[in-house]
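Visitor: Sequence plus predicted model, see below.
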Amino acid sequence: MSHEPAVPATRGVSVKALGTVDLGPEIEGMEGRQLRMRMVTMEPGAVFGPVHDHKDRPGIVYILQGTITDHRNGVATDYGPGLGWPEDRNTTHWLENRGAIPAVEISVDIVRRD
């Protein structure tokens, strides 16, 4: 039986695609992958779940506005405007906005092309 609290379902999150670059023609060995940039807005009380990992999908987050709480390994860390956090193969987490204003982040990652 797990002692971790249940993560609420995703709610109050909107994602806007800002751009992509096909990495296959750019870097040898990157066929089928793309560099992706998105703007994620989390309304007050929003949750970005479920718990998920970033194996095979590295990235980095930059916070533009508000505060986002990153939950990893039973530890909650608040990130405000400026550089947020890396998302590497060891990242397993979920996010929430505990603040009173919308939190906005820019997320850049490498993904498999759909």
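Guide: All right, it came through fine. Numbering: from 1, shown residues only.
Visitor: check contacts around Arg112.
Guide: Contacts were defined as C-beta atoms under 8 Å, 6 or more residues apart in numbering; by that measure Arg112 touches 32-34, 56. Every C-beta, even on glycine, is put in place using the N, C-alpha and C of the backbone.
Visitor: How about Gly24?
Guide: Each residue near Gly24 by C-beta under 8 Å, 6+ apart is listed here: 30-33.
Visitor: quick one: the helices in the chain?
Guide: Listed in chain order, the helices found in the chain under DSSP state H amount to none.
Visitor: pLDDT below threshold where in it?
Guide: In the predicted model, the chain carries pLDDT under 70 at residues 1-5.
Visitor: hmm, back to that, which among the contacts of Arg112 end up buried?
Guide: Among the contacts of Arg112, those classed as buried by neighbour count (16 or more other C-beta atoms under 10 Å) are 33-34.
Visitor: quick one: which of the contacts of Arg112 is nearest to Asn90?
Guide: When the contacts of Arg112 are compared for distance to Asn90 (C-beta to C-beta), Asp56 wins out at 12.4 Å.
Visitor: what's the distance between the closest one and Ala9?
Guide: With the distance defined as C-beta to C-beta, to the nearest Å, Asp56 ends up 24 Å from Ala9.
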